[in-house]
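Student: Need coordinates for the below:
(2 chains)
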2 protein chains.
Amino acid sequence: MIQKIIRVLFATLFFLTAKAQENDSIAIRQIANEVLMNAKAYDNLRYLCKKIGPRLSGSAAAQKAVEATARMLKDAGADTVYLQPCMVPHWVRGEKETGYVQMANGTKYNLNLCALGNSEGTGPKGISAGVVEVRSFAELDQLGAKVIKGKIVFFNFIMNPTYITTFKAYGESGIARGAGPSRAAKYGAIGVLVRSLASNPDDFPHTGATRYNDSFPKIPAVAISTNNADWLSASLKRKMILTVYFRNTSTMLKDVSSYNVVGEMRGTLLPQEIITVGGHLDSWDLAEGAQDNGAGCVQSIEVLRVLKATGTRPKRTIRAVMFMNEENGGRGADKYLELAKLNNEHHVFALESDAGGFSPRGFSLEMPAEKIAKIQQWKNLFYEYGVYDFSSGGSGSDVGPLRAIGAALAGLRPDGQRYFDIHHAGSDVFENVSRRELHLGALNMAALIYLVDKYGL
Amino acid sequence: MIQKIIRVLFATLFFLTAKAQENDSIAIRQIANEVLMNAKAYDNLRYLCKKIGPRLSGSAAAQKAVEATARMLKDAGADTVYLQPCMVPHWVRGEKETGYVQMANGTKYNLNLCALGNSEGTGPKGISAGVVEVRSFAELDQLGAKVIKGKIVFFNFIMNPTYITTFKAYGESGIARGAGPSRAAKYGAIGVLVRSLASNPDDFPHTGATRYNDSFPKIPAVAISTNNADWLSASLKRKMILTVYFRNTSTMLKDVSSYNVVGEMRGTLLPQEIITVGGHLDSWDLAEGAQDNGAGCVQSIEVLRVLKATGTRPKRTIRAVMFMNEENGGRGADKYLELAKLNNEHHVFALESDAGGFSPRGFSLEMPAEKIAKIQQWKNLFYEYGVYDFSSGGSGSDVGPLRAIGAALAGLRPDGQRYFDIHHAGSDVFENVSRRELHLGALNMAALIYLVDKYGL
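Tutor: I've put the predicted structure just below:
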């Protein structure tokens, strides 16, 4: 008798689970169809890129982007749209940078270069010195002040082409850009050239933030294109180079006020439980910040829009957040956490899209194993939409701070093969975003938010 | 005692299997590193696109491409390189097409159009008539001769945006391009406009082959851009259109001789067993045929190169084949089968790459279930290279004929979201190919060929 009851119970459970999966599958198909037929993400991105353009923290354009995305969130159907004031660094590039190599044979060779974000300037006359190439910090340390003092250090850290995950290569070689200038200054270098963090040979300098260590002089630092870096390295080996000259007038001004933009759909059942989906609104100043990270912003707005358009009434409160100042400070993310703490908010889940609006392949999950296991049970629901990889891993720098208050975190993981062709370079423009890829990312994000809202985590 | 023996046997078997997978994993890592560091595929593609350009069957450029890929195959390390003569259709586009819409208010509106491949011309004066839009063949049949006679039929078959697999939408809507002209001619139409097979709104006309049915007059047929199609459809609904005019001078000439190009690495142990990997060398005439299908050609050449460069000595004979005339006839594929039969060849496996050189996601397997099961056992070896989907499905139109002689077939399945932005249009150029994506496809192809060669099928 007991056995029979157990059998019936199991059968019922199985039936209910199968039924739930079937209903979820239908709901996600509705979300997908709505996005693929009527998404506004691509048009919103065009606006951000073409009507507003580069949105460096502290710039007038960044302020326009705040206003524009607030409107977009309202149009998407947010119940409430509000701003979170925060102070941001105000770095300015100044005049167009110049630079060249003085060859031993008397000729000059111009370099494609740009100041790294946060870099100080050279002064109006620029700087000129002999150049020392290093391929690792160990090599730099070995050379030491004896060789480095008075020189320009050329960090030629090549992104490892054999890594399939381009972000891994970026993380590994990126230390030159972040920490290189101060490490070179420690030995008396007067300036730094950094090989651009690009996966392929190209002629664009790719900018990005450097972080000065206050213990050492803040020496000017510029990125040169990968083609320039390869040529310079080869020429140095053949002793063809006398000196390198460069000039930049960038400088850090006083902090200015800016904002995170938040659009909210209030939960019907558990409004105190907050689910965040976001990207960052600021971009570098050299291009339109289309993939980095206009894409993540418009995808997050699209998540709200499609839930509204499909008549989904979330149980929990869902927020689309445009974080300010990811690129050179992370102040928006800090502010978001600060206010969450202040208001004693209960953040159950936060999803970030900041790896570009490319064809999605998965979600990286930064949360306890049992929550990962729960999400992995939904895996089959995503397979037909191209998403198959739900692994443990980092989420993103804007939602990351929420780990301090126990939120489960995740990051969209699109295909990364083209990202470092355009990342932080003049080529990060609207034309290099695929409408279908962008929308496919948005619909998978919406599907995950839908499930987390429905079942909790 | 017997139980103990069985246990030992199982343990040994398990150990050997694990060891084999480990060795395969190392071998594939070597293949991957070699491709990612030293591949020639991207440079070869640049040559095909920029030095040779469009390679329509029967053209002088197609002949140059035959000679160039023969050289590339030699450089890649093929033991033998040879040509397979075949006759191919010689269709020529003639003068640049023109066309416009005559509006009821007296103004004219120019159309972005191009003749469909194999289309006959309008004659030097062009044709002008009222236009009838249809969205399905059922609608056309319903209208019949009474409405259609003397008119230009506008096939506005929209690629279904809700299909995640863009090829599915292409297959469904593509019937208008292939069969539409003859179906319209049956009811007395004098010409045909076909909505371009593009996933997104754009201004390019996308060409592609039409196939006349000899029972009906061969009426001229042109593709118009998706933006034009949407505008035309809206304007027709508002009764703003009087007539459409277009002019093309394309025509089918007599067959000419051309070639498949074959590069071979002779097997050391089972040379009579043949493994084919290929793409098609011909392209449409409107662009460089970079993704369609220069990519598949240079990837196939790369498979030979990387096997050679890593010191792999295949057991079986491996052939990289550049098939001629896939786009408007398939004569090269027919010839390859014909010669295989004539020479009594034993074809064990054939892999095609003709879905673009985008980031690979899987292989589509056209073979008996037990062979699919065998390949699926290797699945884990591919996961870290982005390939996870080994499903039953079609292979490709060039290796397809080999099913007649029992070959197991497969097709590379790259991400398809961007393919129909450039397919058969002026935008299918080298710049729209990602070096890393192309090479990632090649290395996964090489890994599959490596395993099939090693273990058989």
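Student: could you give the mean pLDDT of stretch A:236-251?
Tutor: For stretch A:236-251, mean pLDDT rounds to 96.
Student: Extract the C-alpha trace of it and format it as PDB.
Tutor: Extracted in PDB, the C-alpha atoms of stretch A:236-251 (Å, rounded to 0.1, in the frame of the first residue of the first chain):
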ATOM      1  CA  LEU A 236      64.200  47.000 -31.900                       C
ATOM      2  CA  LYS A 237      65.700  43.500 -32.400                       C
ATOM      3  CA  ARG A 238      67.500  44.800 -35.500                       C
ATOM      4  CA  LYS A 239      68.800  47.900 -33.600                       C
ATOM      5  CA  MET A 240      67.000  50.200 -36.000                       C
ATOM      6  CA  ILE A 241      65.400  52.400 -33.300                       C
ATOM      7  CA  LEU A 242      67.000  55.500 -31.700                       C
ATOM      8  CA  THR A 243      64.200  57.000 -29.600                       C
ATOM      9  CA  VAL A 244      60.500  57.100 -29.300                       C
ATOM     10  CA  TYR A 245      58.600  60.400 -29.000                       C
ATOM     11  CA  PHE A 246      55.000  60.900 -27.900                       C
ATOM     12  CA  ARG A 247      52.800  63.700 -26.700                       C
ATOM     13  CA  ASN A 248      49.500  63.600 -24.900                       C
ATOM     14  CA  THR A 249      47.700  66.300 -22.900                       C
ATOM     15  CA  SER A 250      45.200  64.100 -21.000                       C
ATOM     16  CA  THR A 251      44.600  64.800 -17.400                       C
END
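Student: Any buried residues in stretch A:190-201, and which?
Tutor: Under the neighbour-count criterion of 16 or more other C-beta atoms under 10 Å in any protein chain shown, stretch A:190-201 has A:190-200 buried. For the C-beta atoms, the positions are set from N, CA and C on the backbone; glycine is no exception.
Student: which element is the closest residue to residue A:77 other than its chain neighbours on?
Tutor: Distance criterion C-beta to C-beta, 6 or more residues apart in numbering or on different chains; nearest residue to residue A:77, sequence neighbours excluded, is residue A:308 at 3.2 Å. Using DSSP states H and E, residue A:308 maps to helix A:295-309.
Student: just checking, residue A:80 touches residue A:264?
Tutor: Yes: using C-beta atoms under 8 Å, residue A:80 is in contact with residue A:264, at 4.6 Å.
Student: Among those two, which residue is more densely surrounded?
Tutor: residue A:264 (20 against 13; other C-beta atoms under 10 Å in any protein chain shown).
Student: Please name the bridge partners of the more buried one.
Tutor: Beta-bridge pairing for residue A:264 (DSSP bridges): residue A:80, residue A:319.
Student: Quick one: residues contacting it.
Tutor: By C-beta atoms under 8 Å, 6 or more residues apart in numbering or on different chains, the contact list for residue A:264 reads A:78-82, A:317-319.
Student: Serialize these to JSON lines and add fields for pLDDT.
Tutor: JSON lines is the format used below for the contacts of residue A:264 (pLDDT from 0 to 100):
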{"residue": "A:78", "pLDDT": "98"}
{"residue": "A:79", "pLDDT": "97"}
{"residue": "A:80", "pLDDT": "98"}
{"residue": "A:81", "pLDDT": "98"}
{"residue": "A:82", "pLDDT": "98"}
{"residue": "A:317", "pLDDT": "98"}
{"residue": "A:318", "pLDDT": "98"}
{"residue": "A:319", "pLDDT": "98"}
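Student: Make a ChimeraX selection of the buried ones in those residues.
Tutor: With 16+ other C-beta under 10 Å as the criterion, this ChimeraX line picks the buried residues out of the contacts of residue A:264:
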select /A:78,81,317,318,319
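Student: Which one of the contacts of residue A:264 is nearest to chain B?
Tutor: Lowest distance from chain B to these (C-beta to the nearest C-beta) belongs to residue A:318, with 23.9 Å.
Student: just the contacts of residue A:264 now: which is nearest residue A:391?
Tutor: residue A:318 (24.4 Å; C-beta to C-beta).
Student: circling back: now for the contacts of residue A:264: which two are most distant?
Tutor: Going by C-beta to C-beta, the pair spanning the contacts of residue A:264 furthest: A:82 and A:318, at 14.5 Å.
Student: who in chain A is up against chain B?
Tutor: A:32-33, A:36-37, A:161-162, A:164, A:166, A:199-200, A:359, A:361, A:384-386, A:388-389, A:415, A:417-418, A:421, A:434-437, A:440 (C-beta under 8 Å from any C-beta of the partner chain).
Student: about what we covered before: so which of the buried residues of stretch A:190-201 sit within strands?
Tutor: A:191-195 (DSSP state E).
Student: Would you mind checking which of those residues is nearest to chain B?
Tutor: residue A:195 (17.0 Å).
Student: list the contacts for the closest one?
Tutor: A:154-158, A:173, A:176, A:223-224, A:226, A:229.
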